[in-house]
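Enquirer: need a structure here:
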Amino acid sequence: MSHENKLRLGIALLVGLMVNAVLFGAGLITILMTPALSANAFEAMPIMIALSFVLTAPISWIIAPRLRARYWRERRTDVIAG
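Expert: Numbers count the residues shown, from 1 in each chain. This next block holds a predicted model:
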């Protein structure tokens, strides 16, 4: 694994905790605020929890490079040169 990917993985793991919390909270609010889902909350919540865990990895992997200063420096020079 290259140094770039190791760094991206480390950032993604740190960001993953926050992404998972946001997805879980949004899913929980959706379930509790929707009358049809609220009536079946015991069935809907495990599905929502599993879905939040599954979606955490790709979302974190996409967000990770954008948290590095190098990404923004490269974007700025692309805009200026373009």
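Enquirer: which one's the longest helix in the chain?
Expert: helix 3-33 (DSSP state H).
Enquirer: same question for that one, mean pLDDT?
Expert: On average, the pLDDT along helix 3-33 is 93.
Enquirer: ditto for stretch 46-53
Expert: pLDDT averaged over stretch 46-53 gives 95.
Enquirer: rewinding a little: ok, and for the longest helix of the chain, which residues are buried?
Expert: By 16 or more other Cβ atoms under 10 Å, the buried positions in helix 3-33 come out as 8, 11-12, 15-16, 19-20, 23-24, 27-28, 31. From N, CA and C alone the C-beta is placed, and that goes for glycine too.
Enquirer: any idea how far whichever helix or strand comes after that helix is from the chain center?
Expert: Downstream of helix 3-33, the first helix or strand assigned by DSSP states H and E is helix 35-39. Relative to its parent chain, helix 35-39 has a centroid offset of 26 Å by Cα atoms, centre = their mean, to the nearest Å.
Enquirer: Show me the contact partners of helix 35-39.
Expert: 30-32, 44 (Cβ atoms under 8 Å, 6 or more residues apart in numbering).
Enquirer: Apply 6 Å and report the result again.
Expert: 31-32, 44 (Cβ atoms under 6 Å, 6 or more residues apart in numbering).
Enquirer: would you list those residues in TSV and tack on distance to Ala50?
Expert: Converted to TSV, those look like this (distance: Cβ to Cβ, whole Å):
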residue	distance to Ala50
Ile31	13
Leu32	18
Ala44	11
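Enquirer: Closest one to Ser60 out of the residues you listed, please.
Expert: Using Cβ to Cβ, Ile31 is the member of those that lies nearest Ser60, at 22.7 Å.
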